[in-house]
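# Following is a predicted model, sequence given first.
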Amino acid sequence: MLVAGLTGGIASGKSTVSGMFADEGIPVICADELAHQAVMPGSSAIQEIARVFGPDVLHKEGGLDRVAMARVVFSDRPKRKLLESIIHPWVAEEKDRQLSEYVRQGYTLAIVDVPLLFEANWEDAFDVVVLVYVPRETQEERLMARDALNQTTMRERLDAQISIEEKKRRSDIILDNHGTLDETREKVRSTLRQLLRLAERKAAGVNVREGLRDIKQAR
């Protein structure tokens, strides 16, 4: 089975694109949803978080108190990395479990939606990385309109991530989401055709990276 990582920048429309792939019948795993499950009451990850950070970061039901945890890690990068080192392996394990189930069901393609794919150094976990792309100026316009931010806060949020142009350079397939919803849906279907061809190559034992070289040359 071909496993594609789907990512983007803030306000690039990745969630919309992810939903469109699901509408086409492609299984989509959302890393954010898995991360949320990781800190639910009773999970092995939440038990480790309580052991490392203490019970004060849990709410009364036993799950993660996000406000309390944010106070601990917001300005402390080592503690934030420690928290990620607990959550990320749980997410990766659950991702792999779900992918194995999709293989068992006979799917030849699955997509994993990872907002911070490059920031988390997850690109090697996938056969191909698809970027939902809009220019920085469009990100700024959409983010200010969506979240009612001033320019300073908006730019701080964008600058906290790897730039969209750097993500574009490092991605295999670029899905431009600069137009209308109908145009985006057509681009999703075009990208899906590319992914299914790559899935056929993988199933036949042919090197997927060679097919990706052809796609990159055609940009």
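That came through fine. This one's a predicted model, so the numbers in the text were calculated from it and none came from an experiment.

# Show me how the record splits the chain into domains.
Here the domain parsing of the chain from automatic domain parsing is 1-27+109-219, 36-106.

# what about the last one, start to end distance?
Between the opening and closing residues of domain 36-106 we find a distance of 28 Å, counting by Cα to Cα, to the nearest Å.

# What are the contacting residues of stretch 80-90?
Outside stretch 80-90, the residues that touch it by Cβ atoms under 8 Å, 6 or more residues apart in numbering are 34-35, 38-39, 43-45, 48-49, 52-53, 69, 73-74, 120. In short, each C-beta sits where N, CA and C put it, glycine included.

# list the contacts for the residue nearest the centre of the chain?
Taking Cα atoms, centre = their mean, the centroid of the chain lies closest to V114, which sits 0.9 Å from it. V114 is in contact with 5-7, 31, 120, 122, counting by Cβ under 8 Å, 6+ apart.

# cutoff 6 Å now
5, 7, 31, 122 (Cβ atoms under 6 Å, 6 or more residues apart in numbering).

# low pLDDT regions in the protein?
Counting by pLDDT under 70, the chain contains low-confidence ranges at 216-219.

# so the residue of it positioned farthest from its centre, which of the three states?
Most distant residue from the mean C-alpha position of the chain: K60, 30.0 Å away (Cα atoms, centre = their mean). Following DSSP: H, G, I helix; E, B strand; the rest coil, the label given to K60 is coil.

# Closest one to S171 out of the contacts of stretch 80-90, please.
Nearest to S171 among the contacts of stretch 80-90 is A120, at 14.7 Å by Cβ to Cβ.

# Now do the closest one against L192, distance only.
25 Å (Cβ to Cβ, to the nearest Å).

# Provide a complete list of residue ranges assigned to helices in the protein.
Assigned by DSSP state H, the helices in the chain fall at 14-23, 31-38, 44-53, 66-73, 77-104, 136-147, 151-159, 164-170, 181-203, 208-217.

# on that earlier part again, and the residue farthest from the centre of the chain, backbone torsions?
phi -70, psi -20 (degrees, to the nearest 10).

# Enumerate every residue touching it.
Residues near K60 by Cβ under 6 Å, 6+ apart: none.
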